[in-house]
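*Asks:* okay, sequence plus prediction incoming.
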Amino acid sequence: MKSLTLQWSLCMSLFFLLAACSSQPSSDDINADEASDEVTYSDPVALDLTEIRERGKLIAITSYSPTSYFIYRGEPMGYEYELLERLAAYLDLELEVKIAYNLDNFIEMLNSGEGDIVAHGLSITKPRKKYVDFTDHHSVTRQVLVQRKPDGWRKMKLHQIDDQLIRDPLQLIGQKVYVRKNTSYYRRLANLSQEMGGDIDIQPLEGALETNEIIQKVVNGEIPYTVADEHIANINQTYYRDLDVKTALSFPQRLAWMVRKTSPELKKAVNTWLAKEKEEPEFYTIYNKYYKNQKRFRTRVSSEYFSLTGGKISQYDEALQEAASAINWDWKLLASQVYQESRFDPKIESWAGAVGLMQVMPATAAELGDYDLYEPEESIEAGVRYLEKISEIYTDVPDSVERVKFVLATYNAGPGHIADARRLAEKYGKDPNIWTDHVDAYILLKASKEYYSDPVVQHGYCRGEEPFNYVVEIFKRYGIYRDLLEGEDPDANAVALQDEQP
C-alpha cells in the first residue's frame with residue numbers, strides 16, 4: 001500500500017513539474033483561467049503618485065482578517081497594516097486604510113480610485129495582470145488543501161491518519177472543494193481538473209468570506225475541503241489542531257500588492273521601498289510576528305479583545321460607555337483617547353506627574369472632586385469631568401466635531417496655548433472656531449519665535465506638534481475602531497456624537 005502511494009506521489013510530482021515547466025500554457029489552462037474570471041472591471045482612473053502627493057494621503061485597500069488588519073487590545077495591527085505604515089512613512093504621506101468587505105471588489109475599488117494600492121497576499125496571475133499591475137513580490141507561498149483530520153485522530157498512528165486523508169490530488173476527483181470564485185485557488189482547482197482528466201466539484205463561495213473564515217467552516221464541519229496559501233493555513237492549523245494542511249496543490253507562487261496600470265510612478269516607488277525593506281531585519285520580524293509566532297496567534301484569536309471574535313476594545317469598555325454618555329460622545333472616541341493617554345494601563349505615571357488611565361494631574365483631579373486616579377473607573381470619571389469642564393470654553397464653536405477637537409487639544413496642551421492659537425488664527429485671516437486647517441496650523445507655529453512672541457500671544461512657546469498629533473491620532477484611531485468594530489466606513493471628519501444621532 002505504501003509503495004503504491006509512493007508511486008502515485010512520484011508520478012503526480014513529475015506530472016506537475018512537466019506542466020509547470022512547459023514553455024507555453026495549454027489552451028485548456030488558458031480557458032480554465034478565463035472561465036473562472038467572469039467579472040469585468042472598469043478602466044483605471046488616471047491617478048498616480050504625483051496626484052497622491054498633492055492629496056497628502058496614501059489610501060490603501062486591504063481585508064479585515066486575523067493577519068492583515070484588525071484591532072487587538074485597542075491597537076490597530078496586522079501584517080499588511082504594519083507594512084503600509086512603513087510605506088506611508090517612506091513616502092512621507094498620511095495613511096488611510098479602506099477595508100474591502102467583499103474581496104471580489106479589490107480590483108474594482110482600485111481601478112475606480114477608491115484606493116491607490118491593494119495590500120493583500122495576492123498571487124501574481126495572468127488573468128489579474130490584464131486589469132492591474134503588481135509590485136515586486138513580498139513573499140512566496142504555495143497552495144495547500146485544508147481538510148479535517150479524522151475523528152479520534154489523536155489515538156491513531158500517522159499512517160492511519162494519512163489513509164483517511166487526501167494525500168494525492170487525484171483523490172480530489174469528484175470531491176466538493178469550496179473556494180471563492182475570483183481567486184487563484186479557484187483557477188488552480190480548475191487547471192488541476194484539466195491536468196488530471198477528471199472533474200473536481202468546485203463549489204464557489206461569496207467574495208465576502210475571507211480565507212480564514214472559510215477555513216473556519218472546515219473546522220466546524222460545514223464544508224469538507226478548501227484551499228489556502230500555505231502560510232495562512234499553517235498559522236490557522238496551530239490554533240485549530242483538527243486541521244490538516246500538508247497536501248500541496250501547487251508549486252511556489254509569488255505574492256504581491258496591486259496598483260493601477262495608470263500608476264507607474266507609485267509602482268516604482270513601492271518597489272524601491274520594498275527592496276530596501278527586504279534588507280532590514282524588521283521586515284522579516286513583522287512577517288514572523290503574524291505568520292510564524294504560533295503562541296501570539298493563539299493568544300490573539302482566543303482573546304475577547306480581538307476585534308474579529310471578541311469585539312471588545314479593553315476591559316474598561318462598560319465604564320467608558322457609561323462615562324461617554326454623560327458628555328454625549330461616542331464611547332469609542334473616548335476609548336481612543338484613553339489608549340492615547342495610557343494604552344489602558346491604569347497604573348502608569350507620566351514624567352510630569354499625570355496618573356492613571358486618563359493621565360489626569362492630581363491637582364486637576366483635586367479641583368474636580370475626590371478621586372483615586374489609580375482606580376480605573378475613578379480615573380475615567382475624573383477625566384470625563386475635566387473634558388466636560390473644558391467643553392464649557394468652546395460653547396461659541398458651532399460645529400460639534402470641531403468642538404470636540406478643541407476639547408481634545410486643550411486636554412493635551414491646556415487652555416492658554418489653544419486660546420493663543422485661536423487669536424493667531426483670527427489675526428492671520430483664519431477661522432478661530434475651526435480646528436482643522438485653521439487653528440491647528442497656528443498651534444504648530446507657536447513653536448516659532450516669530451509667532452510665540454506675537455503681541456496677541458499670552459502664554460509663550462508651545463511645542464505644538466504634541467496637541468496637533470494628539471488630535472490627529474485620536475481621530476484616526478477612532479475611525480479605525482468604528483470601521484473594524486461596527487463595519488462602518490466613517491468619513492474622516494465625522495464623529496458619531498450621540499447628540500447628533502436620530
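*Replies:* That came in fine, so what should we check first? All of these numbers come straight from a predicted model, not from anything done at the bench.
*Asks:* what's the longest helix belonging to the chain in contact with?
*Replies:* The longest helix of the chain (DSSP state H) is helix 465-486. With contact meaning Cβ atoms under 8 Å, 6 or more residues apart in numbering, helix 465-486 is reached by 64, 69-71, 76, 97, 99, 307, 311, 313, 330, 332-333, 335-337, 339-340, 405, 408-409, 412-413, 417-418, 435, 440, 443-444, 447, 488-490, 492, 495-496. For glycine as for every other residue, the C-beta is placed from the backbone atoms N, C-alpha and C.
*Asks:* domains of this structure?
*Replies:* 49-140+255-301, 143-246, 317-500 (automatic domain parsing).
*Asks:* now do residue 137: how many residues are near it, please.
*Replies:* Burial of residue 137 is recorded as 16 neighbouring residues (other Cβ atoms under 10 Å).
*Asks:* can you verify my assumption that it contacts residue 257?
*Replies:* No - counting by Cβ atoms under 8 Å, residue 137 stays clear of residue 257, with 9.1 Å between them.
*Asks:* may I see the buried residues of stretch 189-198?
*Replies:* 189, 190, 191, 192, 193, 194, 195, 196 (16 or more other Cβ atoms under 10 Å).
*Asks:* please, where are all the strands along the stretch 251-400 of the chain?
*Replies:* Here the stretch 251-400 of the chain has its strands, by DSSP state E, counting those that start in this stretch, at 253-259.
*Asks:* now do the helices in it.
*Replies:* Remark: helices assigned in the stretch 251-400 of the chain by DSSP state H, counting those that start in this stretch are 264-277, 281-291, 294-301, 317-326, 331-342, 362-368, 376-391, 400-413.
*Asks:* surely residue 180 meets residue 202?
*Replies:* No - if you go by Cβ under 8 Å, residue 180 and residue 202 don't touch, sitting 10.7 Å apart.
*Asks:* got any residues that touch both of those two?
*Replies:* In terms of Cβ under 8 Å, 6+ apart, residue 180 and residue 202 are both contacted by the residues residue 186.
*Asks:* now residue 461. Nearest residue, chain neighbours left out?
*Replies:* Residue nearest to residue 461 in three dimensions, not counting chain neighbours: residue 452, with 4.6 Å by Cβ to Cβ, 6 or more residues apart in numbering.
*Asks:* how about residue 263, phi and psi?
*Replies:* Main-chain dihedrals, residue 263, degrees, to the nearest 10: phi -120, psi 60.
*Asks:* check contacts around it.
*Replies:* Applying Cβ under 8 Å, 6+ apart, the residues near residue 263 are 44, 47, 48, 49, 116, 133.
*Asks:* can I get the residues you listed in CSV including distance to residue 147, neighbour count and pLDDT?
*Replies:* Formatted as CSV, these follow (distance: Cβ to Cβ, whole Å; neighbours: other Cβ atoms under 10 Å; pLDDT from 0 to 100):
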residue, distance to residue 147, neighbour count, pLDDT
44, 39, 19, 96
47, 43, 16, 96
48, 44, 19, 98
49, 44, 20, 98
116, 38, 25, 98
133, 35, 19, 97
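*Asks:* neighbours of the closest residue in space to residue 377 that isn't next to it in sequence, just the number please.
*Replies:* Nearest non-adjacent residue to residue 377, counting by Cβ to Cβ, 6+ apart: residue 319, 5.0 Å away. Number of residues near residue 319 (other Cβ under 10 Å) recorded here: 21.
*Asks:* check contacts around residue 319.
*Replies:* Counted by Cβ under 8 Å, 6+ apart, residue 319 has contacts 376, 377, 380.
*Asks:* relative to residue 56, which of those residues is nearest.
*Replies:* When the contacts of residue 319 are ranked by distance to residue 56 (Cβ to Cβ), residue 380 comes first, at 34.6 Å.
*Asks:* follow-up on the earlier one: from residue 396, how far off is the residue nearest to residue 377?
*Replies:* Plainly put, residue 319 is 31 Å away from residue 396 if you go by Cβ to Cβ, to the nearest Å.
*Asks:* do the same with residue 180
*Replies:* For residue 180 relative to residue 396 (Cβ to Cβ), the value is 53 Å.
*Asks:* who has more neighbours, these two?
*Replies:* A count of neighbours by other Cβ under 10 Å puts residue 180 above the other of residue 180 and residue 396, at 22 against 8.
*Asks:* for the more buried one, what are phi and psi?
*Replies:* Note on residue 180: its backbone torsions stand at phi -70, psi 140 [degrees, to the nearest 10].
*Asks:* just give the nearest non-adjacent residue to it, would you?
*Replies:* Nearest to residue 180 is residue 205, by Cβ to Cβ, 6+ apart, at 5.1 Å.
*Asks:* what about the one you found, neighbour count?
*Replies:* Counted with other Cβ under 10 Å, residue 205 comes out at 18.
*Asks:* list phi and psi for it.
*Replies:* When read as degrees, to the nearest 10, the backbone of residue 205 gives phi -110, psi 160.
*Asks:* and it, what does it touch?
*Replies:* 178, 179, 180, 181, 214.
*Asks:* surely the second one is within a helix?
*Replies:* Same thing as residue 179. No - counting by DSSP: H, G, I helix; E, B strand; the rest coil, residue 179 falls outside a helix, being strand.
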